[in-house]
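S.K.: How does the following fold in three dimensions:
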Amino acid sequence: MEHTLQEDLIGKYLSGELSAREEGELMAWVEASPQNREVFEEMVQLWSLSETSPEPEFPVNLSKAWAALDSRIELGEPTLVAEPMVSTAKPALQVVSQPKVRSLNWAWSAAAAVAVLVVAAWWVFMRDTTPETLAFSTPDNQSRSITLPDQSQIELNENSTLSYTFDGNIRKVVLSGEAFFDVEKDPEHPFVIETGEVQTRVLGTSFNIRAYPDEAKVKVSVKTGRVEVRKVEKTPQQENPALVLLPGNTGVYANESATLEKAQDVATEDVDSWQQGTIAFPNGTALSEVIPAVEKFYNIQIDADESILNKTINGARFTRDMKALEALDIITVSTTSKLAVEGDVFIISGGGQ
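M.R.: Take a look at the predicted model:
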């Protein structure tokens with residue numbers, strides 16, 4: 001019996017063996033849909049049932065446990081069985097138990113088997129009724145190239161998570177962080193990216209989306225083709241008018257004011273400049289946007305007076321080869337601000353130098 005990536009990740013999560021990268025992928029999958037979250041929470045709850053039973057006197061090996069259960073099922077040996085009930089209502093599970101036997105250790109093993117088998121039954125049921133979800137994540141200072149089943153190409157920037165589902169009609173991505181998309185053209189199956197309150201819809205084009213949860217804005221910039229961006233309404237019957245973006249156009253959604261508008265155009269070669277180890281800011285970019293981007297780019301901490309966040313810089317371009325201090329000198333000169341360093345923190349305040 002084969003198990004999906006999500007099954008393995010949840011198994012590692014329950015046994016405390018999940019790495020940071022795997023945890024990012026699992027959480028991206030969980031957040032991709034209400035159904036995924038429901039299944040995950042059900043698994044955790046069922047697994048916790050075994051915590052009240054006596055601890056086993058042997059180490060638990062996840063892969064061997066799966067193999068043993070598979071073997072029992074294939075050989076038809078007696079065990080506890082969990083089956084999804086056939087119903088048009090919310091999926092439910094029926095647990096058929098066998099007579100009690102042997103010792104407390106066996107009881108503990110049986111309880112664990114119930115949890116694992118119930119989880120497996122849920123997965124069989126959900127796999128047949130919900131679209132498969134692919135989930136990806138990146139840690140600090142690492143990007144990742146992704147090829148989706150439709151052959152669309154994605155470059156996922158650092159500290160980002162992304163999930164993809166296809167329900168037969170719409171190719172859907174949920175993104176937290178930054179990614180550049182080169183979408184395979186398919187007029188019959190629109191490609192939709194959700195980033196918080198913003199939805200970006202395309203048929204086939206290339207563009208960049210920056211939507212880190214700790215930043216005040218969601219930014220969509222187009223390299224080729226045509227993109228539609230709109231604010232998502234909570235009621236499906238309502239649909240806001242789309243902001244249409246062409247090559248070089250940028251759309252910005254401000255989280256605080258819930259407004260979506262077209263921003264200053266950028267050179268198309270700068271749309272995905274981060275892939276070449278460069279970040280570029282056009283004339284008039286506010287420090288409120290520059291500072292969090294520079295923090296992530298150089299992995300540093302910057303404290304800035306709120307009074308200067310509305311100041312704007314002249315066009316600037318920073319590369320990985322530049323030192324952080326050099327980049328900050330350019331910023332402070334451009335905004336007639338003052339720079340100080342205290343330990344590992346860079347402090348930018350108002351006033352001339």
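S.K.: Please report how far Gln142 lies from Asn36.
M.R.: 25 Å (CB to CB, to the nearest Å). (Each C-beta comes from the backbone N, C-alpha and C, glycine too.)
S.K.: The two: who's more crowded?
M.R.: Using other CB atoms under 10 Å as the criterion, Gln142 and Asn36 rank with Asn36 on top: 21 against 13.
S.K.: Got the phi and psi for the more buried one?
M.R.: phi -60, psi -40 (degrees, to the nearest 10).
S.K.: Do I have it right that it meets Ala135?
M.R.: No. The pair Asn36 / Ala135 is not scored as a contact, 9.0 Å apart, by CB atoms under 8 Å.
S.K.: Now for those two: what residues contact both?
M.R.: Here Asn36 and Ala135 share the contacting residues Trp29, scored by CB atoms under 8 Å, 6 or more residues apart in numbering.
S.K.: quick one: the helices in the chain?
M.R.: Using DSSP state H, the helices of the chain run over 5-15, 20-31, 34-48, 62-75, 104-129, 287-298, 324-334.
S.K.: Any chance of the backbone angles for Gly248?
M.R.: Backbone torsions for Gly248, taken as degrees, to the nearest 10, come to phi 90, psi -20.
S.K.: What is the neighbour count of it?
M.R.: Based on other CB under 10 Å, the number of other residues close to Gly248 is 16.
S.K.: Show me the longest strand that occurs in this protein.
M.R.: strand 171-182 (DSSP state E).
S.K.: mean confidence score for it?
M.R.: Across strand 171-182, pLDDT averages out at 95.
S.K.: My guess is Ile209 contacts Lys223. True?
M.R.: No. Counting by CB under 8 Å, Ile209 does not reach Lys223; the two are 11.6 Å apart.
S.K.: do you know how far Ser288 is from Gly177?
M.R.: 19 Å.
S.K.: And these two? Which one has more around it.
M.R.: Shown here are Ser288 and Gly177; by other CB under 10 Å, Gly177 has more neighbours (22 against 17).
S.K.: For that one, name its beta-bridge partners.
M.R.: With DSSP bridges as the criterion, Gly177 is bridged to Ala211.
S.K.: for the record, mean pLDDT for stretch 248-256?
M.R.: Rounded mean pLDDT across stretch 248-256 is 92.
S.K.: in it, what counts as buried?
M.R.: Using 16 or more other CB atoms under 10 Å as the test for burial, stretch 248-256 gives Gly248, Asn249, Thr250, Gly251, Val252, Tyr253.
S.K.: Residues contacting it from elsewhere in the structure, which ones?
M.R.: With CB under 8 Å, 6+ apart, stretch 248-256 has contacts from 196-198, 216-222, 227, 229, 231, 243, 245, 259-268, 271.
S.K.: Mind checking which of the residues you listed are in strands?
M.R.: Counted as lying in strands by DSSP E, out of those, are 198, 217-222, 227, 229, 231, 243, 245, 259-263.
S.K.: any idea how far Glu38 is from Trp274?
M.R.: From Trp274 to Glu38 the distance is 35 Å (CB to CB).
S.K.: again with Arg230
M.R.: For Arg230, the distance to Glu38 - CB to CB - is 28 Å.
S.K.: These two - which one has more neighbours?
M.R.: Using other CB under 10 Å, the more surrounded residue of Arg230 and Glu38 is Arg230, with 19 against 15.
S.K.: Show me the beta-bridge partners of the more buried one.
M.R.: Counting by DSSP bridges, the residues bridging with Arg230 are Gln199.
S.K.: per-residue pLDDT, it?
M.R.: 92.
S.K.: My guess is Leu246 contacts Thr224. True?
M.R.: No. Contact criterion CB under 8 Å: Leu246 and Thr224 do not qualify, at 9.4 Å.
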